[in-house]
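Colleague: How does the following fold in three dimensions:
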Amino acid sequence: MWSFFRNRRRRRWLAVALPEPQLRILKQNVPAFNHLPPELQQRILDCVRILIAERRWEGCDGLEVSAEMKTTIAGHAAFILLRSGDYYFDGVTTILVYPDVMVRNHDGVLEHTVGEAWDNGGVILSWPEVLLAADHDDGRNVVIHEFAHHLDGLDGEMGGSISFAHSADQTAWNEIAGQEFQQLVHDVDAGRRTLLDPYGATNEAEFFAVASECFFERPRPMQNRHPELFGLLKKYYRIDPTDWQ
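Modeller: Here you go, the predicted model:
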């Protein structure tokens, strides 16, 4: 019964076009949108409208969440939903936006972070870092990173063990991702330059999030340097970003 009302509500939202000012924001702040074929552009627009309407948005430290912020964040997040059917991050309850880098005091040690994903469905983002996601050259995208954590946690744990439809792919992921993670750890420890963000060497969960950033932001270099990992992410996300890059 709940899904009936949810779907009816979504049809009503999707019947209304994204306002022109927000469309301009999407094209400017999420430039990859401009390179998508019409079918996928429509999917992005659908995701943006539903994410803006359904999720609870909160500004922190005095920040007022604007239409630009909602449109930009939802636009970046929508890329990992391109082939997700009728899933629109239903498990995300709240998106909190900070005006700057967040500082946490853990046992007297100050830790700086630009994003977090919580088990309770909260996603936290630094707005200045979100704006940097428009640059594809560095392979970093905090929105994709944190929402990838959310997908990782759909099985009940954010541990980098994502779920595949076929057992063979699941086995391959466990093996290949494990090998790639260990290699990244060795490369980072040795001070070698890596295509994947060195932060992915923190643990398996961060490795998946970092690999997802690279998959969408720098697909061709990733396909060349990490072909097996790229192929598995292509199966997981059911999309090939090299088609539009």
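
Colleague: From here on, just use CA atoms for contacts and neighbour counts.
Modeller: Fine.

Colleague: so how far is Ala172 from the residue nearest in space to the middle of the chain?
Modeller: The centroid of the chain falls nearest to Ile144 when counting by C-alpha atoms, centre = their mean (1.9 Å). Counting by C-alpha to C-alpha, to the nearest Å, the gap from Ile144 to Ala172 is 23 Å.

Colleague: What of Ile52?
Modeller: Taking C-alpha to C-alpha, one finds Ile52 at 36 Å from Ala172.

Colleague: between these two, who's got more neighbours?
Modeller: Ile52 (18 against 15; other C-alpha atoms under 10 Å).

Colleague: Within the helices and strands, which one has the closest residue to the more buried one other than its chain neighbours?
Modeller: Using C-alpha to C-alpha, 6 or more residues apart in numbering and skipping the chain neighbours, the partner closest in space to Ile52 is Lys70 (6.2 Å). Here Lys70 sits within helix 67-78, counting by DSSP states H and E.

Colleague: related to what we said a few turns ago, tell me who's in contact with the residue nearest to the centre of the chain.
Modeller: His76, Ala77, Phe79, Ile80, Ala209, Ser212, Glu213 (C-alpha atoms under 8 Å, 6 or more residues apart in numbering).

Colleague: I'd assumed Arg140 was in contact with the first one.
Modeller: No. Distance between His76 and Arg140: 11.7 Å, which falls outside the contact criterion (C-alpha atoms under 8 Å).

Colleague: what stretches of this structure score poorly on pLDDT?
Modeller: 1-5, 106-110, 136 (pLDDT under 70).

Colleague: Please enumerate the strands of it.
Modeller: 56-59, 94-98, 102-106, 109-113, 115-117, 122-126 (DSSP state E).

Colleague: I'd like the ones you listed written out as TSV, with mean neighbour count and distance to Met222 added.
Modeller: Putting the strands of the chain into TSV (neighbours: other C-alpha atoms under 10 Å; distance: least, C-alpha to C-alpha, whole Å) gives the following:
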stretch	mean neighbour count	distance to Met222
strand 56-59	16	33
strand 94-98	21	29
strand 102-106	12	30
strand 109-113	11	25
strand 115-117	20	23
strand 122-126	22	25
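
Colleague: For Phe181, find the nearest of the ones you listed.
Modeller: Closest of those to Phe181 is strand 115-117, at 20.6 Å (criterion: C-alpha to C-alpha).

Colleague: Can you tell me which helices and strands the closest one packs against?
Modeller: Contact here means 3 or more C-alpha pairs under 8 Å, 6 or more residues apart in numbering; DSSP states H and E; on that basis strand 115-117 packs against strand 122-126, helix 142-152.
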